[in-house]
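Chemist: My questions are about this predicted structure, shown below with the sequence.
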Amino acid sequence: MCIIENGNSIPSLDTFIKIAQTLHFDINDFFNISPEPLSELSSEIIEKIKSADPKSLQLIKDILAAVEKNY
């Protein structure tokens, strides 16, 4: 007897993610969640981070930590 399938238990988030991955199911579709579109600035920053080398990533991390510390 499967307690999750019978509604007698709620899976943890980790279990739910594993089930969704196994079934090739996007959990956003299940919850009907649509992420808000990123601003142009956010998109540009993300693209730069994606293409950065490890040294640059460390520098970016250090800069963000310094900015966070001073706010």
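Modeler: On my side now, so go ahead. Everything numeric here is computed off the predicted structure, so don't read it as measured data.
Chemist: List of residues touching the lowest-mean-pLDDT helix or strand in the chain?
Modeler: Within the chain, no helix or strand scores below helix 27-31, which has a mean of 74 by mean pLDDT, DSSP states H and E. Helix 27-31 has contacts (Cβ atoms under 8 Å, 6 or more residues apart in numbering) with F16, I17, A20, S34, P35. Backbone N, C-alpha and C define where each C-beta goes, glycine included.
Chemist: Among these, name the ones in helices.
Modeler: F16, I17, A20 (DSSP state H).
Chemist: My guess is the last one contacts D14. True?
Modeler: No - applying Cβ atoms under 8 Å, one finds A20 not in contact with D14, separated by 10.9 Å.
Chemist: And the two? Which one has more around it.
Modeler: Each of A20 and D14 has its neighbours counted (other Cβ atoms under 10 Å); A20 has more, 15 against 8.
Chemist: and the gap between A20 and I45?
Modeler: Look at A20 and I45: by Cβ to Cβ, to the nearest Å, they are 29 Å apart.
Chemist: ok, now D53?
Modeler: Distance, D53 to I45, by Cβ to Cβ: 16 Å.
Chemist: want to try a markdown table for the ones in helices among the contacts of helix 27-31, with distance to L64 and pLDDT as columns?
Modeler: Converted to a markdown table, the ones in helices among the contacts of helix 27-31 look like this (distance: Cβ to Cβ, whole Å; pLDDT from 0 to 100):
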| residue | distance to L64 | pLDDT |
| --- | --- | --- |
| F16 | 31 | 82 |
| I17 | 27 | 85 |
| A20 | 31 | 84 |
